[in-house]
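K.L.:
build me a model:
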Amino acid sequence: NVYDKEEVQKVLKSTLASKQFGHEEFLSKLVTDACVTVIPKENKRMPFNVDNVRVCKILGSGVLSSSSVKGMVFRREVEGTVAHVKDAKVAVYSCPVDSMQTETKGTVLLKNATELKAFSTGEEDLLEKQIREIKEQGVSVVVSGSKFGDLALHFLNRYGIMAVRLLSKHDLRRLCKTINAIALP
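P.N.:
Residues are numbered from 1 along each chain as shown. The predicted structure is shown next:
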């Protein structure tokens, strides 16, 4: 019975003892909790998926400091100043979050400082409008598979939106699967 934690722990204990002798009791309980948690309860025919249990090593502690977390852990800092969000609505992008760049090179002839200021202000206003519209949709976390531009990061911070950068396409796919999202290009 894969739903009975005591039975699963008994089986895991001997396997873990060969790898981590002396810590098998602690680790078997930890691994059992993680595995039993991710087994689908509604569809008993669905097999256990090992990708649903991940290990994240954090420097500075020992084996006995290990814990199981329901959710996802990424070993990255957030990009902006917002570091904690509860009950988040998440927008996932596989592309950079930055101002638009044209495909072709062009030349802009500016005759004075006022024209230069108007040119850069137009780009800023467009990017701020886009970030404001994201916020108006209720989004509190933006995840990018690439970089965040400095100006975009400024507006994300201004509107209180957390910015998370995931460089691994596999992590981006796992996140999308977990939160039932589709990464926008």
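K.L.:
is it fair to say Asp51 lies in a helix?
P.N.:
Yes: Asp51 forms part of a helix when assessed by DSSP: H, G, I helix; E, B strand; the rest coil.
K.L.:
next, find the distance separating Gly22 from Arg174.
P.N.:
32 Å (CB to CB, to the nearest Å). No exception for glycine: its C-beta is placed from N, CA and C like everyone else's.
K.L.:
more neighbours, these two?
P.N.:
Arg174 (17 against 9; other CB atoms under 10 Å).
K.L.:
pLDDT wise, what is the residue lying farthest from the centre of the chain at?
P.N.:
Farthest-out residue of the chain from its mean C-alpha position, per CA atoms, centre = their mean: Lys111, at 45.3 Å. We have a pLDDT of 85 for Lys111.
K.L.:
what of Cys176?
P.N.:
91.
K.L.:
contact partners for it?
P.N.:
Neighbouring residues of Cys176 by CB atoms under 8 Å, 6 or more residues apart in numbering: Val92, Ile182, Ala183.
K.L.:
equivalent analysis for Pro185, please.
P.N.:
Tyr93, Ser94, Cys95.
K.L.:
swap in Arg54?
P.N.:
Contacts of Arg54 (CB under 8 Å, 6+ apart): Met72, Val73.
K.L.:
what helix or strand is Val92 located in?
P.N.:
strand 90-93 (DSSP states H and E).
K.L.:
run through who's touching that strand.
P.N.:
For strand 90-93, contacts defined as CB under 8 Å, 6+ apart pick out 134, 137, 139-146, 172, 175-176, 179, 181-185.
K.L.:
give me the subset of those lying in strands.
P.N.:
Counting by DSSP state E, the members of the contacts of strand 90-93 that fall within strands are Val141, Val142, Val143, Ser144.
K.L.:
and those as TSV, adding pLDDT?
P.N.:
As requested, the ones in strands among the contacts of strand 90-93 are exported to TSV (pLDDT from 0 to 100):
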residue	pLDDT
Val141	96
Val142	95
Val143	95
Ser144	94
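K.L.:
which of the residues you listed are buried, as a ChimeraX select command?
P.N.:
In ChimeraX syntax, the buried subset of those is picked out as below (16 or more other CB atoms under 10 Å):
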select :141,142,143,144
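K.L.:
now the two most distant members of the ones in strands among the contacts of strand 90-93.
P.N.:
Val141 and Ser144 (10.7 Å; CB to CB).
K.L.:
what do the two both touch?
P.N.:
Val164.
K.L.:
count the residues that sit near Ser33.
P.N.:
That one is not Ser; residue 33 is Asp. 15.
K.L.:
could you do Val55 as well?
P.N.:
Neighbour number of Val55 under other CB under 10 Å is 8.
K.L.:
Provide the secondary structure category for it.
P.N.:
Going by three-state DSSP: Val55 is coil.
K.L.:
per-residue confidence at it?
P.N.:
For Val55, pLDDT reads 83.
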